[in-house]
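> pasting the structure only:
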């Protein structure tokens, strides 16, 4: 029997506030609620660094700018958004790069719990979701991506990934389809 886990990736306050889709958190909340109702664990991955950002090399284009900005003053808190905040029973992993696996103990936790199916949601489709899909596929996990529980600043990149790239390695479903009928097949 397959063991599934819903992963909520990088849905942190400072990241969410850059997006204009007012219904995104509602759809994500529906996915989280459906998972909980079906007994599927909900886990979160968030990106965070130690004070002074010793994990970031200046050559890293994405995170190097963050470390440079931190040198100019304190960074605001960047917790998981309150609208979908973890419950006490949820697992929260901290990662140091784009993929949810990179610099975190996600792989160890999945293997220890004998999970073989990851259901991915998060921000951004072209960042953490793409990187996590690729790594999960290389690690032989079964993968489902909840299309409308993912978001990206570039709608065309989002569409291409969901329609053309991800289907080669993952099942791509809407939250409604997954929560309605498919969830019973995936558990």
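Right, received. Where do you want to start? Since we're looking at a predicted model, the values are computed, not measured.

> could you list the buried residues of stretch 99-107?
For stretch 99-107, the neighbour count (16 or more other Cβ atoms under 10 Å) marks 99, 100, 101, 102, 103, 104, 106 as buried. The way it works is simple: take the backbone N, C-alpha and C, and place the C-beta from them, glycine included.

> swap in stretch 116-134?
117-134.

> narrow the residues you listed to those in strands?
Of the buried residues of stretch 116-134, the ones assigned to strands by DSSP state E are 117, 118, 119, 120, 121, 122, 123.

> which residue packs closest to the fourth one, ignoring adjacent ones?
So that's residue 120. In space, and not counting its chain neighbours, residue 120 is closest to residue 145: 5.0 Å by Cβ to Cβ, 6 or more residues apart in numbering.

> what mean pLDDT does the strand or helix carrying that neighbour get?
Using DSSP states H and E, residue 145 falls within strand 142-151. Strand 142-151 shows a mean pLDDT of 97.

> just give the strands next to that strand in its sheet, each with its orientation.
If you go by DSSP bridges, strand 142-151 pairs up with strand 117-123 (parallel), strand 171-173 (parallel).

> for the protein, what spans make up the strands?
According to DSSP E, the strands that the chain contains are 4-9, 42-47, 91-95, 117-123, 142-151, 171-173.

> show me what the third one is packed up against.
Read that as strand 91-95. Under the contact definition 3 or more Cβ pairs under 8 Å, 6 or more residues apart in numbering; DSSP states H and E, strand 91-95 sits against strand 42-47, helix 106-112.

> and residue 176, which of the ones you listed is closest to it?
Nearest to residue 176 among the helices and strands packed on strand 91-95 is strand 42-47 (17.9 Å), distances taken as Cβ to Cβ.
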